[in-house]
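>>> Sequence and predicted structure, then a few things I'm wondering about:
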Amino acid sequence: MSDENDKKWFDKKISRRDFLKKAGMVGAGAAIGASGAGAIFANMFSGKANQVVGNEEISFYGEHQSGIATPVQKNVYFAVLDLHSTDKEEIKQMFKDWTDYSEKLMKGELVAPELANHLVPPIDTGETVGLNPYRLTITFGISPSFLDKLKMDNKKMEEFKDLPHFPRDQIKDKYKGGDICIQACADDAQVAFHAVRNLVRKGRALITLKWTQAGFLPIGNGKETPRNLFGFKDGTENPKNNNDFKNVVWYDKNNWLKNGTFLIVRRIQMHLETWDRTNLQEQENTFGRYKESGAPFGETDEFATIDINKKGPDGKPVLPIDSHVYLAKKADVKIARRAFSYSNGIDEVSGQFDAGLLFICFQKHPDQFIKIQNSLGNDDKLNEYITHVGTGIFACFEGIKKGEYIGQKLFE
Ligand SMILES: C=CC1=C(C)c2cc3[nH]c(cc4nc(cc5[nH]c(cc1n2)c(C)c5CCC(=O)O)C(CCC(=O)O)=C4C)c(C)c3C=C
Ligand SMILES: [Fe+2]
């Protein structure tokens with residue numbers, strides 16, 4: 001790259017947002033000529049809407065971390081990290097640096113102004129220059145082993161322990177364990193990836209990547225429940241308002257996790273080829289819901305209340321007793337699901353799609369998930385079509401207030 005080009009690309013020393021502002025393109029529904037937009041920013045050239053997209057920004061600050069109750073975005077980049085230091089001061093500093101970075105990233109800014117010295121690598125990796133924030137959220141969590149490594153056993157609540165082995169689990173070593181998780185969600189895949197990449201880069205003296213997974217969802221206009229790779233609406237029965245989140249998700253005991261939550265992640269392979277050979281009636285029996293409408297059996301409305309004890313005219317339960325929804329409901333406990341589909345090319349052994357669900361859920365007590373997973377157990381008809389290959393449990397800190405840093409209560 002010539003000096004002149006170099007200058008054009010980075011010497012702006014302005015944020016991604018300022019870049020857009022200068023071009024007069026920031027603001028809800030700000031109209032710009034499609035040709036102009038296409039010429040300047042390929043990402044904005046949809047060909048149909050002359051609007052700036054992705055300009056919505058989510059605040060990094062609040063009572064709870066973002067990316068938990070936030071309406072789900074199109075993309076996730078989820079990373080599990082191994083910690084290689086036992087020095088609390090160093091780790092505290094990393095969380096402080098991540099606080100500073102996250103605030104900037106979620107505003108759509110570069111993580112640091114560019115250096116005048118062109119003989120050193122740029123601080124921000126640069127792949128989001130010209131992009132809006134795209135509702136980026138960044139959620140941080142730590143695992144029980146994080147507390148072990150730092151000899152902070154006194155901070156471990158009795159419910160915070162590794163998940164048990166569940167029936168039919170085929171967990172691979174490479175997808176379990178790890179000390180820290182970062183969940184970056186955005187309506188643009190590159191914005192989510194950029195966030196994790198730059199955070200990891202900043203902490204590289206103390207952490208390494210254990211496993212990562214990118215995921216996607218068909219969000220459309222944001223009004224419909226997105227469909228999973230089996231073609232079913234997934235996420236219908238979920239907390240809907242603040243009160244639901246208070247009851248189901250936010251940790252409320254008086255310790256460092258108050259207003260935080262437990263994140264559970266499961267990497268679940270979905271055997272698409274087997275599913276695609278299954279007739280529609282069997283597919284619907286697997287969930288106890290109709291494929292097109294998403295309504296439970298015997299109803300027409302996706303959001304109709306389900307009574308698992310309801311019997312049909314033949315005296316048999318309306319919902320098959322081995323269906324996924326029947327068994328999940330039978331556990332009689334709630335969780336907040338925020339799952340994403342993934343597709344990772346081809347499974348080396350079977351030659352089939354390596355695709356599935358990055359199942360992420362939030363709950364105030366891990367037992368909520370454990371109870372449901374045990375109820376699904378060996379009986380869930382869905383087991384014929386899926387395999388759990390990855391697992392993790394992380395305590396996600398409370399939200400961050402201005403002047404504070406991520407995880408402050410834990411270290412105080
Ligand atoms: C232990 C928790 C759960 C795992 C793991 C899980 C995997 C999984 N689920 C689907 C698809 C659907 N799940 C649906 C409902 C549903 N699933 C769980 C829990 C787990 N799912 C719950 C608690 C519920 C809600 C039950 C209720 O109270 O009604 C549905 C139906 C629509 C909906 O409500 O979202 C679908 C479809 C897949 C494909 C999958 C693993 C790959
Ligand atoms: Fe489910």
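It's in. Numbers count the residues shown, from 1 in each chain. Ligands and ions are numbered 1, 2, ... in the order given.
>>> make it CA atoms for all contacts and neighbour counts henceforth
Noted.
>>> Now do the end-to-end distance for stretch 227-246.
26 Å (Cα to Cα, to the nearest Å).
>>> Can you find the residue of the stretch 251-400 of the chain that comes nearest to ligand 1?
Ligand 1 sits closest to Gln373 of the stretch 251-400 of the chain, with a gap of 3.9 Å, by Cα to the nearest ligand atom.
>>> And the stretch 201-350 of the chain, by the same measure?
For the stretch 201-350 of the chain, Cα to the nearest ligand atom, closest residue to ligand 1: Gly235, 3.3 Å.
>>> Wait, a helix at Trp275?
Yes: looking at Trp275 with DSSP: H, G, I helix; E, B strand; the rest coil, it is inside a helix.
>>> show me what contacts it?
Phe230, Gln283, Tyr385 (Cα atoms under 8 Å, 6 or more residues apart in numbering).
>>> if we go to 10 Å?
Shown in contact with Trp275 (Cα atoms under 10 Å, 6 or more residues apart in numbering): Leu229, Phe230, Glu282, Gln283, Leu382, Glu384, Tyr385, Ile386.
>>> After the helix or strand hosting the third one, which helix or strand is next?
Take DSSP states H and E as the rule and Glu282 turns out to sit in helix 280-287. Tracing the chain C-terminally past helix 280-287 and defining elements by DSSP H and E, one meets helix 324-330 next.
>>> is any part of the next helix or strand after that next one close to ligand 1?
Using DSSP H and E, the helix or strand that follows helix 324-330 in sequence is strand 336-337. No: looking at strand 336-337 against ligand 1 by Cα under 6 Å from any ligand atom, there are no contacts, and the closest approach is 7.4 Å.
>>> which residues sit against the very next helix or strand once past strand 336-337?
Once strand 336-337 ends, the next helix or strand along the chain (criterion: DSSP H and E) is strand 340-346. For strand 340-346, contacts defined as Cα under 10 Å, 6+ apart pick out 72-77, 213-218, 226-229, 234, 267-270, 351-360.
>>> Apply the buried test to the residues you listed and list what passes.
Buried positions within the contacts of strand 340-346, assessed by neighbour count (16 or more other Cα atoms under 10 Å), are 72-77, 213-218, 226-229, 234, 267-270, 353-360.
>>> Please, where are all the helices along the stretch 1-150 of the chain?
3-10, 16-22, 34-40, 88-107, 144-149 (DSSP state H, counting those that start in this stretch).
>>> if you average pLDDT over each of the ones you listed, which comes out lowest?
The stretch with the lowest mean pLDDT among those is helix 34-40, at a mean of 26.
>>> Okay, angle between the helix or strand containing Leu263 and strand 340-346 too, please.
Element membership for Leu263 (DSSP H and E) is strand 261-270. With axes from the mean of the first three to the mean of the last three Cα atoms, to 10 degrees defining the directions, strand 261-270 sits at 40 degrees from strand 340-346.
>>> name the helices or strands packed onto strand 261-270?
Counting contacts by 3 or more Cα pairs under 10 Å, 6 or more residues apart in numbering; DSSP states H and E, strand 261-270 packs against strand 137-142, strand 336-337, strand 340-346, strand 353-363, helix 366-376, strand 386-396.
>>> Thank you kindly, that will do.
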